[in-house]
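Engineer: quick one: sequence and predicted model below, then my questions.
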Amino acid sequence: MLEGNLSSFLSKVKAVQYLDLSRNSLSGEIPKKLEIFASLQSLNLSFNNLQGEVPKDGVFGNVSSFSVSGNKKLCGGISELVLPKCFSQESMKTRGKFFF
């Protein structure tokens with residue numbers, strides 16, 4: 001089982017076509033660095049502890065080759081992923097406040 005930050009793991013990867021990192025204990029945000037892996041055809045990050053906004057460009061734009069299910073703290077991404085909308089820090093501060 002892999003643990004820790006996904007960015008530190010990916011810093012060791014040079015080129016890959018299929019990457020299945022599902023069912024590990026990876027944490028942190030999905031690094032935008034993955035966009036530059038031109039040969040990447042399939043990416044499975046399901047059932048980890050990833051959080052933050054899912055990128056929309058590069059491999060992230062192709063839902064048929066990209067899975068993030070089971071990461072409860074992810075948001076955004078392409079609509080086919082059916083993730084909750086991301087809120088900016090500013091909107092998080094004003095949520096719950098009433099304006100008259």
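Structural biologist: Structure received.
Engineer: contacts only, for Ser25.
Structural biologist: Each residue near Ser25 by Cβ atoms under 8 Å, 6 or more residues apart in numbering is listed here: Met1, Leu2, Glu3, Gly4, Asn48, Asn49. The way it works is simple: take the backbone N, C-alpha and C, and place the C-beta from them, glycine included.
Engineer: out of these, who's the most crowded?
Structural biologist: Most neighbours among the contacts of Ser25, by other Cβ atoms under 10 Å: Asn48, with 23 neighbours.
Engineer: circling back to that earlier point, redo the contacts of Ser25 as a markdown table? Include pLDDT, secondary structure and distance to Ser42.
Structural biologist: Shown next, in a markdown table, are these (pLDDT from 0 to 100; DSSP: H, G, I helix; E, B strand; the rest coil; distance: Cβ to Cβ, whole Å):
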| residue | pLDDT | secondary structure | distance to Ser42 |
| --- | --- | --- | --- |
| Met1 | 80 | coil | 21 |
| Leu2 | 80 | coil | 18 |
| Glu3 | 83 | strand | 23 |
| Gly4 | 83 | strand | 22 |
| Asn48 | 96 | coil | 16 |
| Asn49 | 96 | strand | 21 |
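Engineer: for those residues, which one is nearest Lys14?
Structural biologist: Minimum distance to Lys14 across those is 17.6 Å, recorded for Leu2 (Cβ to Cβ).
Engineer: with Lys56 as the reference, measure out to the closest residue in space to that closest one that isn't next to it in sequence.
Structural biologist: Using Cβ to Cβ, 6 or more residues apart in numbering and skipping residues adjacent in sequence, the residue nearest Leu2 is Asn24, 4.2 Å away. Computed as Cβ to Cβ, to the nearest Å, the Asn24 to Lys56 distance reads 24 Å.
Engineer: more crowded one of those two?
Structural biologist: Counted by other Cβ under 10 Å, Asn24 and Lys56 do not tie: Asn24 has more neighbours, with 18 against 13.
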